[in-house]
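Q: predicted coordinates and the sequence they were generated for:
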Amino acid sequence: MACVFALFAISAASAETTHEYAGVKKCSICHKTPAQGEQFSKWQAAKHSKAFESLGTPEAKEAGLKLNVADPQKDGKCLKCHSTAYGHTEAQVTQAIPVEEGVSCESCHGAGKDYLKLSVMKDVEAAKAAGLKIPDEKTCLQCHNSENPFNKPFNYQERLEKIKHPIPKK
């Protein structure tokens, strides 16, 4: 009996909590106002929002052929970094987000359904426990790396300046 309990405790401790995705429309409800920092419009104007579209370019199709990818907009090798719906894997992990949404909030901040309530978001530690990730250089390097056929030297601080979207201090 003790062995069974020990095995259960070990497997429960090692099991990773899975959080569900909400999608950019849900995030935008709060994160589009000037008081919140207008993150939604900043995302719309950034290349991340066009990540899926970029896979339809002639350059992407040519790069795909070199990787034995017939259609970059349909292959997990490309979509793992060009669509939040793939969650950095080669298989689609959620139906809650259209693949065409590109790289949206939850690619960097984690699946948000469990932390999107204002009552949770007001408490950073509670939000983290509910799946919120505070992105850092490692987050970016999941895609901006040598596996990327268009890889360029990646300067985290420089890129961060281009995409930052803080909540304004009151």
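A: Sure, I can see it.
Q: now the residue nearest the centre of the chain: closest residue in space that isn't a chain neighbour?
A: Centroid check for the chain by Cα atoms, centre = their mean gives S107 as the closest residue, at 0.2 Å. Among residues not flanking S107 along the chain, T84 sits closest, at 4.4 Å (Cβ to Cβ, 6 or more residues apart in numbering). Every residue, glycine included, has its C-beta placed from N, CA and C.
Q: show me the contacts for that neighbour.
A: Taking Cβ atoms under 8 Å, 6 or more residues apart in numbering, we find T84 in contact with 21, 94, 97, 101-107.
Q: picking up where we left off before, next one: the host helix or strand of the residue nearest to the centre of the chain to chain centre, how far?
A: Per DSSP states H and E, S107 falls inside helix 105-109. Centre-to-centre, helix 105-109 and its host chain are 3 Å apart (Cα atoms, centre = their mean, to the nearest Å).
Q: please apply the same query to stretch 145-155.
A: For stretch 145-155, the distance to the chain centre is 18 Å (Cα atoms, centre = their mean).
Q: got it, and stretch 114-133?
A: 16 Å.
Q: then stretch 33-43?
A: The answer for stretch 33-43 is 18 Å, by Cα atoms, centre = their mean.
Q: returning to what we had before: now the residue nearest to S107: how far from E161?
A: 22 Å (Cβ to Cβ, to the nearest Å).
Q: can you show me the helices along this structure?
A: 2-14, 24-30, 39-45, 51-54, 58-66, 76-82, 105-109, 118-121, 124-129, 137-141, 156-163 (DSSP state H).
Q: which strands and helices sit next to the third one?
A: Where contact means 3 or more Cβ pairs under 8 Å, 6 or more residues apart in numbering; DSSP states H and E, helix 39-45 is packed against helix 24-30.
Q: quick one on the thing from earlier: hmm, who's touching the helix holding S107?
A: Here helix 105-109 has contacts from 21-24, 27, 31, 39, 43, 48, 84, 88, 97, 112, 132-135, 139-140, using Cβ under 8 Å, 6+ apart.
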